[in-house]
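>>> Okay, sequence plus prediction incoming.
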Amino acid sequence: MRSAAALLVGATFACACGRSGSTSTANAATSATSTSTSTSTSTSTSTSTSTSTSTSTSTPTPTPTPTPTGSASAAPPPNPTPFGAPTAIPKYACSVVMPGGPFRSFLSPADTRVAFVDGDDLLALVNRSPTGALPPTYEPTDLVDVHDLSPRKAYECDSGRDCLRRDAAVALHKMLDAMHADGVTGRVESAYRGFHTQCWVFDGWAAKAHAGFCEATTQSALPGHSQHQLGTTVDMFTADWAARGPVFRDGFGCTAGGHWIDEQSWRFGFVVPYPIDPDDRKDGSRCAQRWDRPVPIDPKTGYKHEPWHVRFIGEDAAARYHAAWLASDPGSPGEITLEQWLRVQRGLQGDGELPVCDGCQCGACATMASDGDKSPCAEGSLRLDGNGHVVAPSDEPHIIDASVDVPDAGVAIVRVHLHVPAHTPTQPPVMTDREPTYAGSATFASLVPYPATQAHDYEDLPGAWRIGIEPNPPLATRWAWRASIARDDLEPTWNRANLLLPSGTGDLTISVRVAPPPGATGLRVTILRDGAEHDTRDITLPSH
């Protein structure tokens, strides 16, 4: 997508769509823009600004009945292989992303030995995670030239032709005709791109990027993780946009063509998978990002906004997805993307999966590697089993001690010192001693994570460990203030979704800002997993 446009030279020609149009054969790389995170283990300790009290183990006191949380709809039945049946990869032929290649960053060999995605499935779940990659050998068998619909082999499409699977190409013709009828001349910039093409495209960007491999991962998908390999995805612009400069530049979403694609493409079976996250929209706009704070990747998709990237899933599926999107309260934190809709179809919980560990986002990645395998992120990862499920560590985290500071009137900072085994799964909200704050009626089911955003629901995810805090006497909702045990540098990106994260490792301190209600004499602290309390402590609030 954006990245490979500078590497590959396109050609302009007439589209056989019953009208005159222009397209390009540029096989652009998927733009998997992300925020790189540090590999160090973070502890959010700080200097106390008021009296701190000691902690003690307590006997649990009677408390109200727990308040049920989670979706009101019935959960789908468990699926042992929700990502697809694992298929062995005999040979992963892209040495540039392997250990011993030209870059310091790499994929663990364990993450190149198995694939889960069936590329022939129009609803395939292709993303940045270890479970979201296509096999290197996958090539659609019904590819056609998008201009004249003539059948083509995959190698022909990788040699300078724009190709799609037949049904997608027919639907594309219909969509281009409809755009033309509305006064918008569509332009296809990139279509099918095979695994090996994606490999050399990524290599080219990693070689020329100032920061090498990791900078390239913010602009180009790792081989196998691009939706273009499905043969159902195109990068769509307009002739007017192309005439005024390089197509892969900011602003296309706010043009007439960008609005048309966003609002109308679903009628022809296409979906825009990578919208702007609601937290990042300027004044609620679907095409303009806020400017008052950095906008990292959308953790619900793994990518930044790509208004030109459209994927064909079929007219019926696109209509069902559009109806579900309308029902998800667009503009709110609950607004779904294609990723969340596909996850529901597969019975998956949470908003998404973490990117595969490649050495660039250690602390927020997942891997199939075990502790004995070569891996770029070691302890800073979630470990997955042979079916792609998160593996629980052999030991449990436990509280060492807890204390409370009151730096400002009405606000307390609870500091929980824990010992946490490597690869322990946790979930948002990630807390710091600056933000967010549990105040007023805020609970884990209704917490504003950033200024000028709406409240998010961080419902419990199976297997996730979190700190739980409540005042004494307690509120109606048990352990209403819950906090991740992940590194606090993950807060800017990952509080915009609810998904499993790796915890910090070893002895660490988690800071949680709370506003105790009037009359509270103390706080209780525990560690929660699947609703069960572990290692509960009492803390006395400092008097003023």
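Arrived safely.

>>> going forward, measure contacts between C-alpha atoms and count neighbours the same way
Fine.

>>> Strands of the stretch 401-544 of the chain, residue ranges please.
Using DSSP state E, counting those that start in this stretch, the strands found in the stretch 401-544 of the chain span residues 411-420, 425-426, 437-438, 465-472, 481-484, 501-502, 506-514, 522-529, 532-540.

>>> So which of the ones you listed is nearest F116?
strand 501-502 (21.0 Å; C-alpha to C-alpha).

>>> Can you list the strands that that closest one pairs with?
Strand pairing for strand 501-502, determined by DSSP bridges: strand 425-426 (antiparallel).

>>> still on that earlier bit, right, so the strands of the stretch 401-544 of the chain: which one is the most enclosed?
Highest mean neighbour count among the strands of the stretch 401-544 of the chain (mean count of other C-alpha atoms under 10 Å): strand 501-502, with a mean of 30.

>>> what's in contact with it?
Strand 501-502 has contacts (C-alpha atoms under 8 Å, 6 or more residues apart in numbering) with 354, 363-365, 380-382, 423-428, 486.

>>> centre of the chain versus it, how much separation?
Centroid separation for strand 501-502 versus its chain: 12 Å, with C-alpha atoms, centre = their mean, to the nearest Å.

>>> mind showing which ranges of the chain have poor pLDDT?
Along the chain, segments meeting pLDDT under 70 span 1-78, 218-219, 544.

>>> Domain boundaries for it, per the record?
1-34+82-115+128-249, 55-73+393-540 (automatic domain parsing).

>>> Could you dump those domains into JSON lines with distance to P376 added?
Compiled in JSON lines, the domains of the chain are given as follows (distance: least, C-alpha to C-alpha, whole Å):
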{"stretch": "domain 1-34+82-115+128-249", "distance to P376": "7"}
{"stretch": "domain 55-73+393-540", "distance to P376": "14"}
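
>>> The closest residue to L500 other than its chain neighbours: neighbour count?
Nearest residue to L500 in three dimensions, chain neighbours excluded: Q427, at 4.8 Å (C-alpha to C-alpha, 6 or more residues apart in numbering). When neighbours are defined as other C-alpha atoms under 10 Å, Q427 has 29 of them.

>>> going forward, begin numbering at 854 instead of 1
Happy to do that; since the first residue is 854 now, the last one works out to Q1280.

>>> residues touching Q1280, list them.
Taking C-alpha under 8 Å, 6+ apart as the test, what Q1280 contacts is 1314, 1317-1319, 1336-1339, 1351-1355.

>>> what separates it from I1166, distance-wise?
Applying C-alpha to C-alpha, to the nearest Å, the value for Q1280 to I1166 is 30 Å.

>>> Please apply the same query to P1289.
Per C-alpha to C-alpha, P1289 is found 38 Å from I1166.

>>> Ok, H1387 next?
With C-alpha to C-alpha as the criterion, H1387 and I1166 are 45 Å apart.

>>> and what of G1098?
Separation of G1098 from I1166 (C-alpha to C-alpha): 30 Å.

>>> Over to A1373?
Distance, A1373 to I1166, using C-alpha to C-alpha: 54 Å.

>>> Quick check on these two: which one has the bigger neighbour count.
Between A1373 and I1166, counting by other C-alpha under 10 Å, I1166 is the more crowded of the two (23 against 14).

>>> returning to that earlier point: out of the contacts of Q1280, flag the one nearest to T1362.
I1338 (8.6 Å).

>>> mind listing the strands for the stretch 1104-1253 of the chain?
Under the criterion DSSP E, counting those that start in this stretch, the stretch 1104-1253 of the chain contains strands at 1123-1124, 1162-1165, 1219-1220, 1235-1236, 1251-1261.

>>> mind putting those in a markdown table, mean neighbour count included?
Formatted as a markdown table, the strands of the stretch 1104-1253 of the chain follow (neighbours: other C-alpha atoms under 10 Å):
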| stretch | mean neighbour count |
| --- | --- |
| strand 1123-1124 | 28 |
| strand 1162-1165 | 26 |
| strand 1219-1220 | 30 |
| strand 1235-1236 | 28 |
| strand 1251-1261 | 19 |
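
>>> Need those in JSON lines (columns: distance to R1366).
Shown next, in JSON lines, are the strands of the stretch 1104-1253 of the chain (distance: least, C-alpha to C-alpha, whole Å):
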{"stretch": "strand 1123-1124", "distance to R1366": "40"}
{"stretch": "strand 1162-1165", "distance to R1366": "40"}
{"stretch": "strand 1219-1220", "distance to R1366": "29"}
{"stretch": "strand 1235-1236", "distance to R1366": "27"}
{"stretch": "strand 1251-1261", "distance to R1366": "10"}
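
>>> Out of those, which gets nearest to D1020?
Each of the strands of the stretch 1104-1253 of the chain has some distance to D1020 by C-alpha to C-alpha; the shortest is strand 1162-1165, at 8.7 Å.
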